[in-house]
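**Student:** Show me the folded form of this:
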Amino acid sequence: MTYLRQHSVEEQQEACRKAKQIIAICERLHLTLDPIDWQQYGMRAPVKVNSVEIASLLGLGQLASDDILRRVQIKLFERAALQTIRARSGLKALIWSPVDVVQPQAFLSLWIITLETDERIPISECIRNGQRVYEHYQLDRDDAQQLATLFGPASEGEYHLGERIIIKEHERQYTGEIIYIMPAGKVLTSRKYASRGSGTASSNDVASRYIVDCNDGFPHIVYQSQVIP
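**Tutor:** Residues are numbered from 1 along each chain as shown. Predicted coordinates:
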């Protein structure tokens, strides 16, 4: 029995109105939705982008434009990451991490998608032919120019290029090689960190940042405070 036979005319009209509203929002966001079968499923109708189910019509209909975009991004970033490694069926993403890069870039945003296997897959979001596109970002760890384009001019820190260090991130420890040193971040005022080889620290210390290749995909971007002596 179809939705039209099960529900009132008012409910049908609400489903139609919400579908049109979400389609219009997504068009402004440079997203083209698959046809929404509200006639059959009403407010329970799945909303999809390129066959990827985002949420139900009811779920998205209660969200603002920015929240709808984030829902779509989460799903499409994950799919692009899984397609990049031709992942087995059922594998999922665990962490979505935006990468802070200097602007402007050829893409809108760059994210690291960490899968259940701990692989870190970089996915870029860009607009091409009027549509948002999510695809694997190719990073050459030995290309200093590419790294500078992403993170700014090379700098110096307490640790040096090529040095192997242990870092702590998300309550886990990793070992890797420093492949780039970013310009120092803001001055730390609330906490003190000891300089390498000394037992004292100054509240005027700056937070050195390192790009560390741990052989698990996109390198880790860490602060001096995350390095384990």
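
**Student:** got the contact list for the helix or strand encompassing residue 74?
**Tutor:** Per DSSP states H and E: residue 74 is located in helix 65-84. The contact list for helix 65-84 (CB atoms under 8 Å, 6 or more residues apart in numbering) reads 22, 25-26, 28-29, 31, 49-50, 52-55, 60, 63, 87, 91-93, 96, 111, 113, 115, 121, 123, 125, 132, 134-136. C-beta coordinates here come from the backbone N, C-alpha and C atoms, glycine included.

**Student:** Helices of the chain, start to end?
**Tutor:** When secondary structure is read from DSSP state H, the chain shows helices at 3-6, 9-28, 38-41, 57-61, 65-84, 144-151.

**Student:** How many residues are close by residue 180?
**Tutor:** 22 (other CB atoms under 10 Å).

**Student:** And residue 183, by the same measure?
**Tutor:** 14.

**Student:** Then residue 215?
**Tutor:** For residue 215, using other CB under 10 Å, the count is 9.

**Student:** Do you know the pLDDT at the nearest residue to it once chain neighbours are set aside?
**Tutor:** In this structure, residue 215 finds its nearest non-sequential neighbour in residue 176, 7.0 Å apart by CB to CB, 6 or more residues apart in numbering. The model reports residue 176 with a pLDDT of 98.

**Student:** quick one, longest strand in this protein?
**Tutor:** Assignment by DSSP state E gives strand 172-182 as the longest strand of the chain.

**Student:** Just confirm residue 123 contacts residue 135, I think it does.
**Tutor:** Yes: assessed by CB atoms under 8 Å, residue 123 is found in contact with residue 135 at 6.8 Å.

**Student:** Endpoint to endpoint, stretch 106-119 covers what distance?
**Tutor:** By CA to CA, to the nearest Å, the extent of stretch 106-119 from end to end equals 25 Å.
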